[in-house]
Structures are given as C-alpha cells and as structure tokens.
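>>> Provided below for reference: sequence and predicted model.
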Amino acid sequence: MNLEKLPFNDFVLLNLLLSVEQLGPTKILALYSKFQSFESILNATKSELCQIENIGKNIAQRIQHVSNKTELVRTEVEREIEKLQKINGRYFTYWDEEYPEILKNVYYPPLILYALGKNSEKDKYSIAIVGTRKPTNYGKKEAERFSSYLASQGITIVSGLARGIDTIAHKSALQAKGRTIAVTGAGLDYIYPSENKKLYHEIVNNGKIITEFKIGTKSDAKNFPQRNRIISGLSLGTIIVETKIQGGAMQTAAHTTDQNRELFAIPGNNLVKQNEGPNLLIQRGEAKLVINPEDVLTELEIKLKPIIGKTIPKPTFDLNMFEQKILSVLNQEPIHIDRIASLTNFSTSDCLVYLLSLEFKGLVRQLPGKTFSLI
C-alpha cells in the first residue's frame, strides 16, 4: 500500500523545527496553519512569527537561527531512515495519509511516529485495555475476557506492551485471531520488557508497533506519560483493569477524559489495592462501570456499528422487587440518596445495598454528592 507521504526535504525541516527549544507540536501546527509550509516558517521574519499565539521573541529568534543546523539534521535523518529500513520499520508524520485521523483530534498530537507492522481499516475501531503490572488472578481473567471478546468482534486492541494487564490484553487479542497495536515508550529497536520479545514479533506480524521515540531510544519512566496519551488517542474508548491510584493506567484514564473519549472501568474488591483506581474512577463518575464486554459495545454502538454490523442487545437481568422499586423512582437526573429512601420507604442503608447491586448490573450510576441516576 503506497500512502502519500511528506516529501523528504519537508521531513528534514520538520525535524529541524522539533529541535527548537520550547517549540512543541501545538506551536508547530499553529505556525504551519499560518505559513502553509515549513520552509515559509523558517524564512519568516521575527515580527511575522510573533504574530502567532504563544510564539514570543525568544522562540522566534531560535527559529530564525536553527537553519544553520539544516545539514546536520539532514545527515541525522538519513542515518535514522537507514536504521529503520534495516528492521523494516518506517516513519510517518501528521501530514501523511498513514497518520490515524483519530489521533489528530488530541491535544499535543505527536508530529512524527515510527511503526513496524501493517496498517488495517480495523484500526479506526480500536479500544484500549490497560492496567497494573502486577494484576491479581481476577484482573488477569477480566483482561483476557474483555480483550478476547472485543478482538473476536473485529475490534483492534490497543495497549502499552508493559508487564501484566497490557501483556495479557495483547496476547488475548492475538489468541482470538484478532488484531492488536502496541504503543511503546522506546525506539523500535528496543524491546521492553525483554521477556516480551516473542510477543513483540507476533504483534508485528498480526498488528502494529507504534512509538514516537527515535531509533536507539531506551525505555525510560519519563517516556510513559507521552506513550499513554497515544494509547488513549488511538482509541474510541479505554478500559481500566486493576491499577493503584498512582498507577500509570490512571494517567491513561486522565488522557482519555481530556481527549473526550469514553472511559470504562471494571470494578473489584475494595480491599484489594489493585482495584483502587477503577473503583475511584467509578465512584467519581469519571468512568462507566462495565461488567461484561457487551457493555462496552453498547456504549460505543453508533461508532462501532460499521465494523460489528449489528445492533447490540441490552443485557437483561432478573431484578428482585426491591431493585425494581428503586428503578421506578430513578431517572436520568441525579437524585440524592435521602430522596430515594423517602420515595421508596426503604432505609438509607437498604437503598445503598440495592443501588450497589444495580450499579454492578450496569443499570444505575453513582454521581458526586451521594446522588444516583439511571444509565
């Protein structure tokens, strides 16, 4: 597949601009929108550059002086492309046809990405699954169950190739004869963790490896927040499976919310540390509680319909008379627990028990201030 690419000279100039201190993707996009070419940006006067929002005199001066490094950057780029070709890797930019359209809609999009593997139309219908590096047996089973089912429906599973939940998500997608994308925090020539070497190559053969880090870049903790915004940015929604409150998956959850994508969380035992993150996201109303993979499909039905090609049936439950009574007084507007107790003539403690049961069944959501509503 020959996809339209940015000319080589423009790619060199893009790398040149990215080398300018304090000139990140957002500012470069703003400059490009105004000047319509990288060459015009580099040839602009200081006063012209300063007309762009957040481009002050210091940055404008650096842009004017950076042209002196053009040949040095050209040589570095040529060497990098040679190394990419040796491992069958490739680069593509924000302006290339291969660049995922969905990723253009995030704040601070990466302007250059590096990849191994093949492209697929299925990648327009991707869902991320992320979580702790030290999952419980429950977390392992849930990650496997969700990933396997969604992959079997033709949905691409995106994750970060880390130990634990990420690894299980990738493996389960492949075992279901599905497709998966791994977004890494290192160059394409550096496999981390090392025990995932076999999995890495399986993903190349049955999906894609993506990174914004150049060849030779080793895995580093500071790279993971950047990687996490790409994981969520490539996906229609993100599923959080077990993570502590300070875990990296919570960063991905935050990016998901910032990018206006759907956030899902699988609830778990409150006494287990690994469930702190998902339970907190649900409690705050930031993530939708999901019990079954079908719950995710139901929420994303309109966006996923082109690939799944069918209406997803709403799950049915046997409700006892108390749960039915609770549902009869709820609607889409938040209702305080005291009001629910008054309307049903149940005690507050009984109401909380039945509401929790309905929440686990995906029929009710808890909102801030001890209020509840129908989903």
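Noted; the coordinates are in hand.
>>> For P278, give me its contacts.
Applying CB atoms under 8 Å, 6 or more residues apart in numbering, we find P278 in contact with 240-243, 265-268, 287. Where C-beta positions appear, they are placed from N, C-alpha and C, glycine not excepted.
>>> How about L199?
L199 touches 161, 167, 170-171, counting by CB under 8 Å, 6+ apart.
>>> What is the neighbour count of I102?
Per other CB atoms under 10 Å, the neighbour tally for I102 reads 17.
>>> Please tell me how far it sits from L374.
Taking CB to CB, to the nearest Å as the criterion, I102 is separated from L374 by 30 Å.
>>> try N320
N320 sits 18 Å away from L374 when distances are taken as CB to CB.
>>> and those two? which has more neighbours close in?
Under the criterion of other CB under 10 Å, the comparison of N320 against L374 puts L374 first, with 13 against 10.
>>> From what I see, that one and E333 are in contact.
No - in this structure L374 lies outside contact range of E333 using CB atoms under 8 Å: 9.0 Å.
>>> Counting by contacts, list what the helix or strand hosting Y138 packs against.
Secondary structure assignment for Y138, by DSSP states H and E: helix 137-152. Here helix 137-152 is seen to pack against strand 126-131, strand 156-159, helix 165-175, strand 237-241, helix 293-299 when contacts are counted using 3 or more CB pairs under 8 Å, 6 or more residues apart in numbering; DSSP states H and E.
>>> how far out from the middle of the chain is the second one?
Going back to what we said before, that points to strand 156-159. How far strand 156-159 lies from its chain's middle: 9 Å, per CA atoms, centre = their mean, to the nearest Å.
>>> again with the third one
Using CA atoms, centre = their mean, the distance from the centre of helix 165-175 to the centre of the chain it belongs to is 16 Å.
>>> Can you spell out which helices and strands pack onto it?
strand 126-131, helix 137-152, strand 156-159, strand 180-183, helix 197-206.
>>> any idea of the angle that helix forms with strand 126-131?
Helix 165-175 and strand 126-131 meet at an angle of 140 degrees, taking axes from the mean of the first three to the mean of the last three CA atoms, to 10 degrees as the criterion.
>>> just the fourth one next, same as before
Between the axis of strand 237-241 and that of strand 126-131 there is an angle of 20 degrees, by the same axes, to 10 degrees.
>>> Format the CA atom coordinates belonging to strand 237-241 as PDB.
Taking Å, rounded to 0.1, in the frame of the first residue of the first chain, the C-alpha atoms of strand 237-241 are listed here in PDB:
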ATOM      1  CA  GLY A 237     -12.500   4.200  24.500                       C
ATOM      2  CA  THR A 238     -10.200   2.900  27.200                       C
ATOM      3  CA  ILE A 239     -10.900   0.100  29.700                       C
ATOM      4  CA  ILE A 240      -9.100   0.300  33.000                       C
ATOM      5  CA  VAL A 241      -8.400  -3.200  34.600                       C
END
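>>> distance between it and the chain's centre?
Centroid separation for strand 237-241 versus its chain: 9 Å, with CA atoms, centre = their mean.
>>> Now render the helices and strands packed on helix 165-175 as CSV, adding distance to G277.
Rendered in CSV, the data for the helices and strands packed on helix 165-175 read as follows (distance: least, CB to CB, whole Å):
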stretch, distance to G277
strand 126-131, 8
helix 137-152, 11
strand 156-159, 16
strand 180-183, 19
helix 197-206, 24
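>>> Quick check: which of those is nearest to S19?
Distances from S19 to each of these were compared using CB to CB; the shortest belongs to strand 180-183, at 23.5 Å.
>>> quick one: S232 and T238 touch, right?
Yes - the pair S232 / T238 is scored as a contact, 5.1 Å apart, by CB under 8 Å.
>>> which residues do those two both contact?
Residues within reach of S232 and of T238 at once, by CB under 8 Å, 6+ apart, are 128, 252, 256, 261.
>>> and these, which of them are in strands?
Counting by DSSP state E, the members of these that fall within strands are A128.
>>> Compare the shared contacts of S232 and T238 and tell me which is most surrounded.
In terms of neighbours by other CB under 10 Å, the shared contacts of S232 and T238 top out with A128 at 32 neighbours.
>>> if I pick the residue nearest to the spatial centre of the chain, what's in contact with it?
Within the chain, the residue whose C-alpha comes closest to the C-alpha centroid is S232; the distance, by CA atoms, centre = their mean, is 1.0 Å. Under the criterion of CB under 8 Å, 6+ apart, the contact partners of S232 comprise 106, 128, 238, 252, 255-256, 259, 261.
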